[in-house]
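Undergrad: Sequence and predicted structure below; questions after.
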Amino acid sequence: MTSRIIVFSFLFVPAVLFLAGCGGEQLPPGIPKLYPATITVMQDGKPLADAEVVMLNTDPSVNWPTGGVTDQNGVLRLRTLGRYNGAPAGTYKVAVRKVEMPDIVLPAEPNDPEELREYNRLLREIQENTFYLVDRKFSLGRTQLEVEITPSNLHVMVDVSPAIRTRIPPAPRD
């Protein structure tokens, strides 16, 4: 049963959870200087609100992921490791994801056949009504979007056009 929920464990979830750490004052050892950078995400000429953004440095020796979620104006104040304001200077691959899901809460694991039927019905309803709103070509491991953060370039913009509404493929059956 749990394997069906994997449909919601998109590539972004681990990265976003990693970036969603709790606040802290002291920078970790070895972290480079952080610059107060922002990114604006556009789609079809409009700001893309509530989009998840993950930026990975193209230099594999720089392992300080940056990102977060855009505001209503499509703007994100970059945070490194989800805790530290700003981003290290460098060139980044930018992954963007936005998903539309129904407001349905799955109950706890079912204990009897009736609960199992209801659980499966709700799961199907979620799967049938969940859509990608950004093309998967902009996802982690696929994106070709690149931006450069420098002390003189602290605001960057990306465009993830065209707008789409693509059904998420169903999870494999047990």
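TA: Yep, it's here. It should be emphasised that the depicted structure is a prediction, and the values quoted were computed from it without experimental measurement.

Undergrad: the longest helix in this protein is where?
TA: helix 113-128 (DSSP state H).

Undergrad: Just give the strands next to the longest strand anywhere in the chain in its sheet, each with its orientation.
TA: Determined from DSSP state E, the single longest strand within the chain is strand 90-97. Sheet pairing of strand 90-97 (DSSP bridges) gives strand 52-57 (antiparallel), strand 146-149 (antiparallel).

Undergrad: what's it in contact with?
TA: 10-12, 15, 39, 41, 48, 51-59, 62, 66, 132, 134, 138-149, 158, 160 (CB atoms under 8 Å, 6 or more residues apart in numbering). Yep, even glycine has a C-beta here, placed from its N, CA and C like the rest.

Undergrad: again, 7 Å this time
TA: 10, 12, 41, 51-59, 62, 66, 134, 138-140, 143, 145-149, 158, 160 (CB atoms under 7 Å, 6 or more residues apart in numbering).

Undergrad: Kindly calculate the angle that the helix or strand harbouring residue 42 makes with strand 52-57.
TA: Here residue 42, judged by DSSP states H and E, is contained in strand 38-43. Using axes from the mean of the first three to the mean of the last three CA atoms, to 10 degrees, the direction of strand 38-43 lies 120 degrees away from that of strand 52-57.

Undergrad: All good on my end, thank you.
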